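missing the sequence, but the structure's below:
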């Protein structure tokens, strides 16, 4: 178990716990967000900062780098609160010297958990109810499947931003039960059921509505279309992964 030590400006006694002891809220009901940076296919620095500036609460975010995710965060101009992993993928290992030793949690290469998995466990231990993962797309398919498997767990991330996708997780069992986005006209939207089911979803703005579909393990809705550029999906039962394919490189080049 990790000890709970919050970064400067985050005081444990100013928060209250609720929802199975996982969510830490202040008096205004603001959730503590953990953002994990990991290696592999990743968005450019501009996309990372845009996502954080638009959707994250800057004063209530914990940044955790999983191994070479340190370089992903630093390239976006962000300084992680913690760095965790076996550190076998960091190009310049001397960069760790710029961080306090107690903020660097180093593991042997022979271990039972991936670096991203360790970072996710750390985020949960720090009291983060909401967790994003940035990076981890492409590369080795076993690592890709490993990150995807985190979304099947009882405690799971709610967002995963890769080099070409913006992936969201919604669940009827918590506050993240609805997703409303404006990705642009005819944007590709794919939906996969997660967890144990049963599953039921409602949608608006999609070319092929999700209501009444016989969701089951192995079932999926591939390449749906946000016809007019905006859509919403609500999980009435079960949990779903919603994948938006986006040409994030265009945002980087602009």
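Everything's here; your move. Only a predicted model underlies this, so the values are computations on that prediction, with no experimental measurement involved. Residues are numbered from 1 along each chain as shown.

So for the nearest residue in space to residue 162 that is not next to it in sequence, what's the pLDDT?
Excluding the flanking residues, the one nearest residue 162 by C-beta to C-beta, 6 or more residues apart in numbering is residue 137, at 2.6 Å. (Glycine included, C-beta is placed from N, CA and C.) Residue 137 is assigned a pLDDT of 91 by the prediction.

Check residue 119 too.
Residue 119 is assigned a predicted lDDT (pLDDT) of 96.

do residue 106 as well
For residue 106, the predicted pLDDT is 92.

Verify the stated contact: the residue nearest to residue 162 with residue 145.
No. Counting by C-beta atoms under 8 Å, residue 137 does not reach residue 145; the two are 12.0 Å apart.

So the two - more neighbours on which side?
residue 137 (21 against 9; other C-beta atoms under 10 Å).

A strand includes residue 117, no?
No. Residue 117 is assigned helix when assessed by DSSP: H, G, I helix; E, B strand; the rest coil, not a strand.

wait, doesn't it sit right on residue 146?
Yes. With contact defined as C-beta under 8 Å, residue 117 reaches residue 146; the gap is 7.1 Å.

Please report how far residue 85 lies from residue 97.
The gap separating residue 85 from residue 97 is 16 Å, by C-beta to C-beta, to the nearest Å.

Looking at the two, which is more packed in?
residue 85 (28 against 9).

Can you show me the strands along the stretch 51-200 of the chain?
61-66, 82-85, 104-106, 130-134, 159-161, 165-171, 178-181, 187-194, 200-204 (DSSP state E, counting those that start in this stretch).

Show me what counts as buried in the third one.
Neighbour-count burial for strand 104-106 flags 104, 105 (criterion: 16 or more other C-beta atoms under 10 Å).

Disregarding residues adjacent in the polypeptide, which is nearest to the most centrally placed residue in the chain?
Nearest residue to the geometric centre of the chain (C-alpha atoms, centre = their mean): residue 132, 2.2 Å. Excluding its sequence neighbours, the residue lying closest to residue 132 (C-beta to C-beta, 6+ apart) is residue 159, at 4.3 Å.

ok, how many other residues are close to the one you found?
Neighbours around residue 159, by other C-beta under 10 Å: 20.

which residues sit in contact with it?
Neighbouring residues of residue 159 by C-beta atoms under 8 Å, 6 or more residues apart in numbering: 132, 133, 166, 167, 168, 169.
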